[in-house]
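S.K.: coords below, sequence missing:
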């Protein structure tokens, strides 16, 4: 069984503009979560290397970096895919995120699908011992907040 999170919302922008703000301005709209941080370090700056195989990283004020994942799909204005891991994950524990940008009249539906949580045991620090249903709900709520912040950034941009 696949554990997945699926959230979406509409933004007043073209798919290409929504994609560009998602990847280029992630440091402005991303709101870190006290529960779901990538590492135990202080908040860093997120960035994508803009190509398939590029890295998705969090950089810290001391110059260090944590590699969250790799870009698996880079289709500007259409789709972005990347792997996602947290510091507490074992090497074989990895999740995947796909973000779709779909034109709906004069808006764009931004959909985030975060798959693969079944590879991360409930007792892993990233899951805070939440049972699957509770964990997926809480993580989905955070993704929804992130998309709301993205919408605000697009509106202000």
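M.R.: It's in. As the structure is a computational prediction, the values presented were derived from the model and not from experiment.

S.K.: check contacts around the closest residue to residue 153 other than its chain neighbours.
M.R.: Spatial nearest neighbour of residue 153, excluding adjacent residues (Cβ to Cβ, 6 or more residues apart in numbering): residue 29 at 3.9 Å. (Glycine included, C-beta is placed from N, CA and C.) Contact analysis of residue 29 by Cβ atoms under 8 Å, 6 or more residues apart in numbering lists 21-22, 146, 149-150, 152-153.

S.K.: most neighbours out of those residues, which is it?
M.R.: Highest neighbour count within the contacts of residue 29: residue 150, with 25 neighbours (other Cβ atoms under 10 Å).

S.K.: how would you label that one: helix, strand or coil?
M.R.: helix (DSSP: H, G, I helix; E, B strand; the rest coil).

S.K.: distance check, it against residue 80.
M.R.: 12 Å (Cβ to Cβ, to the nearest Å).

S.K.: and the residue located most distally from the centre of the chain, what are its phi and psi?
M.R.: Relative to the centre of the chain, and counting by Cα atoms, centre = their mean, the farthest-placed residue is residue 105 at 25.3 Å. For residue 105, the backbone dihedrals (degrees, to the nearest 10) come out as phi 50, psi -120.

S.K.: now swap in residue 49 and tell me
M.R.: Main-chain dihedrals, residue 49, degrees, to the nearest 10: phi -90, psi 120.

S.K.: that one: how many residues sit nearby?
M.R.: Other residues lying near residue 49 total 14 when counted by other Cβ under 10 Å.

S.K.: returning to that earlier point: who touches both of residue 150 and residue 80?
M.R.: Common neighbours of residue 150 and residue 80, counting by Cβ under 8 Å, 6+ apart, are residue 22.

S.K.: now residue 14. Nearest residue, chain neighbours left out?
M.R.: Of all residues not flanking residue 14 in the chain, residue 108 sits nearest, at 6.4 Å (Cβ to Cβ, 6+ apart).

S.K.: isn't that neighbour up against residue 18?
M.R.: Yes. Judged on Cβ atoms under 8 Å, residue 108 makes contact with residue 18 at a distance of 4.5 Å.

S.K.: residues in contact with both of these two, list them for me.
M.R.: Both residue 108 and residue 18 are in contact with 11, 101, where contact means Cβ under 8 Å, 6+ apart.
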